[in-house]
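J.: here is a sequence together with a model predicted from it:
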Amino acid sequence: GRGPSVDALSAFSGATAKEPIRVYAGYESAPDAEARAELAVQDLERAGGFERAQLLVVTTTGSGWVVPEAVDAFEYVTGGDSAIVATQYSHLWSWLSVLVDQERAREAGRALFDAVYERWSRLPEGQRPKLLIFGESLGSFGGETAFSGERDLANRTDGVLFVGPPHFNTLYREFTDHRDPGSPEVEPIYRRGRIVRFSRRPGEDIPPASEPWGDSRVLYLLHPSDPIIWWSPDLLLKRPDWLRESRGGDVLGEMVWLPFVTFWQVTADLPLGMAVPPGYGHVYTGEHVDAWVALLRPEGWTEQKSARLRALLKPAL
């Protein structure tokens, strides 16, 4: 309800904007994930969401939070010709839900996408909005669970943005563990970046910049200092690649792996991951703008517009 108004969107673009559509089904609105998803799709259809140019399916964080800067940026980049739909599956703090709410996130992410996709796929091909996916933190885990791999992501969506993925994300681990030789865990390259890419700073060239990137793009944002990404019970007894390789730019070179000790250090960082400046830890303020531009490639967009939008959104957070 506190997203950008039509006046704000019009003032930014210099053209008449549409009023964005936002649909949200809260935890108490229906008895289970599937029922909440069906309710959300009914509201989305009633509001005209399937008639917009861009349709964004959001899997929320554990508390039911929809990251404001991420969806606001999406609406500014699309000029309000958009619809966003999300459901709530928990009330817990994000860092705590990462530890205990994985099954609920899995059910919610799969149920919502399947319900939206079923309705979307019945539209004539020339009348379908572009279908996009967003998830941050545990939301990225839930968003992934509706898909079997990179080809499935590309075949059934027009773009995907996952931010700060927990270490246990199935597809994130698949892409990272099978990354191209020579690419580091903190910024892996998977199959020469044909569909899936990773970036610490999406406003810069997203590696591998020299390789073609398909029309349906999947982008992961990750900070080397984000404890949500690197926390894993494996740290107890196994040195991870991110501490074997050169440290990420926002990780101290003195950071080393010690059995048991490193696990508890990263565990202690979990509730503090958002108590840091933007661009570090689990705070991706400003980077969503560049990520949406890279995925949507809006006509006539410039770096000057990105800079203006980053500055516009930052004070609100």
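T.: In hand now; what should we look at? Numbers count the residues shown, from 1 in each chain.
J.: surely Gly143 and Thr59 touch.
T.: Yes. Using Cβ atoms under 8 Å, Gly143 is in contact with Thr59, at 4.2 Å. C-beta: built from backbone N, CA, C; applies to glycine.
J.: which neighbours do the two share?
T.: Residues touching both Gly143 and Thr59 (Cβ atoms under 8 Å, 6 or more residues apart in numbering) are Gly109, Ile133, Phe134, Gly135.
J.: tell me the contacts of Gly281?
T.: Residues in contact with Gly281 (Cβ under 8 Å, 6+ apart) are His223, Ser225, Asp226, Pro227, Asp269, Leu272, Gly273, Met274, Ala275.
J.: of the residues you listed, which is the most crowded?
T.: Greatest neighbour count in those, by other Cβ atoms under 10 Å, goes to Asp226: 29 neighbours.
J.: wait, what's in contact with the closest residue in space to Thr170 that isn't next to it in sequence?
T.: If the residues on either side of it in the chain are set aside, Thr170 comes closest to Glu144, at 6.1 Å by Cβ to Cβ, 6 or more residues apart in numbering. Glu144 makes contacts with Gly109, Gly135, Phe162, Pro165, Asn169, Thr170, Leu171, Tyr172, as judged by Cβ under 8 Å, 6+ apart.
J.: which among the residues you listed end up buried?
T.: Gly109, Gly135, Phe162, Pro165, Asn169, Leu171, Tyr172 (16 or more other Cβ atoms under 10 Å).
J.: taking the residues you listed together, which two end up most distant?
T.: Gly109 and Tyr172 (13.5 Å; Cβ to Cβ).
J.: do you know how far the residue lying closest to Leu55 once chain neighbours are set aside is from Val256?
T.: Nearest residue to Leu55, sequence neighbours excluded (Cβ to Cβ, 6+ apart): Pro129, at 4.2 Å. Taking Cβ to Cβ, to the nearest Å as the measure, Pro129 falls 49 Å from Val256.
J.: the two: who's more crowded?
T.: Between Pro129 and Val256, counted using other Cβ under 10 Å, Pro129 has the larger neighbour count: 19 against 11.
J.: give me the pLDDT for the residue lying closest to Gly109 once chain neighbours are set aside.
T.: Counting by Cβ to Cβ, 6+ apart, Gly109 lies nearest to Gly142, which is 2.9 Å off, once chain neighbours are set aside. Listed pLDDT for Gly142 reads 92.
J.: Gly142: neighbouring residues, count only.
T.: Neighbour count for Gly142, taken as other Cβ under 10 Å: 31.
J.: which residues touch it?
T.: Going by Cβ under 8 Å, 6+ apart, Gly142 touches Thr59, Thr60, Tyr89, Ala105, Arg106, Ala108, Gly109, Arg110, Gly135.
J.: centre of the chain to stretch 194-208, how far?
T.: Stretch 194-208 sits 14 Å away from the centroid of its parent chain (Cα atoms, centre = their mean, to the nearest Å).
J.: can you pull out the strands in the stretch 1-150 of the chain?
T.: With DSSP state E, counting those that start in this stretch as the criterion, the stretch 1-150 of the chain has strands at 21-25, 54-59, 82-87, 130-136.
J.: can I get these in TSV including distance to Pro233 and mean pLDDT?
T.: Below are these laid out as TSV (distance: least, Cβ to Cβ, whole Å; pLDDT from 0 to 100):
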stretch	distance to Pro233	mean pLDDT
strand 21-25	33	97
strand 54-59	24	97
strand 82-87	29	98
strand 130-136	23	97
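J.: where in the protein is the helix or strand with the lowest mean pLDDT?
T.: Least confident helix or strand, the chain: helix 94-100 with a mean of 60, by mean pLDDT, DSSP states H and E.
J.: please tell me I have it right and Asp43 contacts Ala25.
T.: Yes. Assessed by Cβ under 8 Å, Asp43 is found in contact with Ala25 at 7.3 Å.
J.: what is the mean pLDDT for stretch 238-248?
T.: For stretch 238-248, the per-residue pLDDT averages 94.
J.: between the contacts of Glu144, which sits nearest Pro4?
T.: Closest approach to Pro4 among those (Cβ to Cβ): Gly135, at 21.2 Å.
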